[in-house]
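Engineer: just need the structure, nothing else, for what follows:
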Amino acid sequence: MTDTLLTPSEVCKISAEKMLEEARNAHENYLIGQQENDLEHAIECYVDAIKANPSLSESYYRLASLLLIKGQITVDGALEQCKTALSLEPKNVNAHIYSGYFQCLNGDFDEAEKEFKIAISNSGKNSARPRLFMSKVLYSKIKNHSSLKDTVRFLYYLLSGSVMIMWDCPSIKMFCKFLANDFSVFSYKTLGEAFEKMKLFPSALDAYTKGLEKTSQGNLFYQKMGDLSLECNNIDASIQFFKKAHELSPSNREILIKLATISQTYFPDKIDETIDYYNELLEFGVDLDKIYYELGHLYLNKADKIHAVSAFKLAQTLNPENPYYNNSLAYAYIKAELYDDAIEYYQEAIRLNPDAEWTAIVCHALGAIYSEIKENYEAAEATFNAGIVLDPKNVDIQLSLGDMYMAQNDLEKAIKTYCDAVTIDPENYLAYAKTGLALWENDYLEESIIAFHKSIELNPNFEIAQNNLGVVYLDGIGDPKASVEYFKNAIDINPNYTLAYFNLARAYQAIDDKALAAEYYQMTLDLNKITEELSEKDIRSRIYDLFN
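Structural biologist: The predicted structure follows:
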């Protein structure tokens with residue numbers, strides 16, 4: 001017996017039939033489970049089947065239905081595919097059913113009715129589906145223009161189609177598959193949730209894993225496994241499960257929200273990935289202002305000022321009465337050094353005033369712009385005072401107001417404001433340090449020393465207070481030996497503190513220890529090349545003066 005060699009044409013036809021069968025299975029799985037990967041696989045197989053054998057009419061109309069679901073073709077495009085199928089096989093019942101269905105979507109009910117009539121005529125006792133479709137067409141016509149004839153026909157096709165469905169084997173088979181899958185999904189989902197309530201998390205995970213293996217609802221069980229892992233604080237596993245659920249069901253907005261939130265909260269280094277999730281959420285067209293708001297913060301974390309401004313501006317445009325959007329937009333404008341725009345939106349946020357303490361913080365930010373950028377001290381003072389009225393316990397505003405008075409050399413007001421801050425928060429080391437500096441500038445030496453000592457007592461690692469106390473002893477009291485301790489403390493705390501090295505050199509110079517003075521002046525000179533805090537010419541002059 002000899003083997004029969006197949007011709008290339010026969011090989012292609014066999015290959016096409018295999019592809020078509022694989023496409024049917026994937027198509028069926030998609031209809032049951034609504035998984036995106038099944039949809040993609042079915043489309044790919046239908047295309048391959050057409051390439052292998054362009055005369056297979058079934059591939060055209062089935063492919064058209066899936067491409068329409070994907071939004072890759074219009075209804076007119078789907079109808080063209082049906083025409084191709086009917087040109088290859090004019091009596092193909094399913095091709096006429098699909099054509100009638102697409103005509104319904106196009107609003108052409110007369111043409112749809114013609115197609116369903118042909119399908120009914122060619123189907124015989126298996127005409128349940130086209131009859132039911134026909135009843136749907138007639139029902140649409142009755143809603144638009146009721147007539148007795150159409151009503152009778154509607155009832156006839158509805159009842160006859162409902163009765164004849166018993167002889168429609170493909171429909172019954174599909175119904176049974178739907179029923180079996182739904183029962184399995186319900187069973188594993190209920191079992192897993194019961195275990196969760198009993199805090200038997202490993203058993204719950206096992207139930208969801210079996211549900212994943214036994215049913216076509218992978219997205220549902222991956223989502224349940226992601227929620228469970230999140231509850232158990234297994235963040236890495238949680239985000240992996242949600243990613244798999246998203247791959248299977250990209251149109252599930254709830255999964256995408258969880259992915260974006262987890263990524264933003266627990267993976268701050270993966271900013272670009274989080275941005276991608278939020279950009280996908282924009283495609284749903286829901287809560288756009290909130291999404292743009294989150295995107296704005298992500299772009300700020302990336303130091304992408306232009307995109308941050310753009311995102312916050314879109315959020316504010318969509319919801320101009322939201323004070324938080326106005327505040328964040330103002331902050332983004334500051335980062336972009338667009339201070340006039342920042343002032344405008346800070347003012348709007350203050351006008352909206354959702355909460356006194358929060359608005360006081362906004363007043364603080366606006367006052368800082370007026371004071372430090374615009375040097376409009378009158379506006380700054382008014383804004384700081386407005387913030388203090390809103391939140392009398394806000395120490396930071398008091399300190400900024402005191403700094404503004406210091407910048408104006410209004411030492412009495414500065415001292416009073418810093419003392420007010422100390423009264424509000426007696427444990428605030430920074431308030432004592434600023435008070436000490438203002439007192440020193442105003443020649444209240446003993447009081448200044450007390451304030452600096454209190455600051456250091458509250459925070460021994462605050463190098464600025466250590467250095468400034470040394471300066472008071474060196475230049476105010478005239479006790480360079482006492483000052484050395486504090487300059488050394490400042491250097492120990494911050495080895496890159498150029499000014500502390502400089503002051504320590506001055507102290508040794510005052511003690512007449514020229515060797516140590518020269519050593520620390522040289523260290524100051526070396527460090528200053530990096531920090532550029534002091535005048536290099538002044539440092540060199542002091543070194544020269546030591547030996548002349």
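
Engineer: only C-alpha atoms for contact and neighbour calcs from this point on.
Structural biologist: OK.

Engineer: mind checking how far the residue nearest to Lys514 when sequence neighbours are not counted is from Ala505?
Structural biologist: Distances taken as C-alpha to C-alpha, 6 or more residues apart in numbering put Leu546 closest to Lys514, at 6.4 Å, once the chain neighbours are dropped. Going from Leu546 to Ala505 by C-alpha to C-alpha, to the nearest Å gives 11 Å.

Engineer: with Tyr292 instead?
Structural biologist: Distance from Tyr292 to Ala505, counting by C-alpha to C-alpha: 54 Å.

Engineer: looking at the two, which has the bigger crowd around it?
Structural biologist: Legend: neighbour count by other C-alpha atoms under 10 Å for Tyr292 and Ala505, higher for Ala505 (29 against 24).

Engineer: so who does that one touch?
Structural biologist: 516-521 (C-alpha atoms under 8 Å, 6 or more residues apart in numbering).

Engineer: so which strand or helix has it?
Structural biologist: Here Ala505 sits within helix 498-511, counting by DSSP states H and E.

Engineer: cool, and Pro250?
Structural biologist: Counting by DSSP H and E, Pro250 is part of no helix or strand.

Engineer: isn't it up against Glu36?
Structural biologist: Yes: under the criterion of C-alpha atoms under 8 Å, Pro250 makes contact with Glu36 at 7.1 Å.

Engineer: and for the residue nearest to Lys514, the neighbour number?
Structural biologist: 14.

Engineer: please apply the same query to Lys117.
Structural biologist: Lys117 has 19 neighbouring residues, counting by other C-alpha under 10 Å.

Engineer: quick one: list the elements packing against the host helix or strand of it.
Structural biologist: Secondary structure assigned from DSSP H and E places Lys117 in helix 109-123. In terms of contacts (3 or more C-alpha pairs under 8 Å, 6 or more residues apart in numbering; DSSP states H and E), helix 109-123 is packed against helix 93-105, helix 128-144.

Engineer: show me the contacts for the nearest residue to Glu44 once chain neighbours are set aside.
Structural biologist: Once flanking residues are discounted, Glu44 sits nearest to Ala23: 7.8 Å by C-alpha to C-alpha, 6+ apart. Counting by C-alpha under 8 Å, 6+ apart, Ala23 touches 41-46.

Engineer: I'd say Val93 and Asn122 touch.
Structural biologist: Yes: judged on C-alpha under 8 Å, Val93 makes contact with Asn122 at a distance of 6.4 Å.

Engineer: more neighbours, the two?
Structural biologist: Counted by other C-alpha under 10 Å, Val93 and Asn122 do not tie: Val93 has more neighbours, with 21 against 15.

Engineer: so what's in contact with Val93 and Asn122 at the same time?
Structural biologist: Shared contacts of Val93 and Asn122, defined by C-alpha under 8 Å, 6+ apart, are absent.

Engineer: how near is Ala349 to Ile450?
Structural biologist: On the measure of C-alpha to C-alpha, Ala349 and Ile450 end up 41 Å apart.

Engineer: and what of Lys434?
Structural biologist: Using C-alpha to C-alpha, Lys434 is found at 12 Å from Ile450.

Engineer: phi, psi for Ser39 please.
Structural biologist: I think there's a mix-up here, since residue 39 is Leu and not Ser. Backbone torsions of Leu39, given as degrees, to the nearest 10, read phi -60, psi -50.

Engineer: hmm, I was thinking of Glu321
Structural biologist: Phi and psi for Glu321, reported as degrees, to the nearest 10, are phi -90, psi 10.

Engineer: give me the number of residues near the residue lying closest to Ile120 once chain neighbours are set aside?
Structural biologist: Once flanking residues are discounted, Ile120 sits nearest to Ser127: 5.1 Å by C-alpha to C-alpha, 6+ apart. For Ser127, the neighbour count with other C-alpha under 10 Å is 22.

Engineer: how about the host helix or strand of Leu401: buried residues?
Structural biologist: According to DSSP H and E, Leu401 maps onto helix 395-407. For helix 395-407, burial by neighbour count (16 or more other C-alpha atoms under 10 Å) applies to 395, 397-406.
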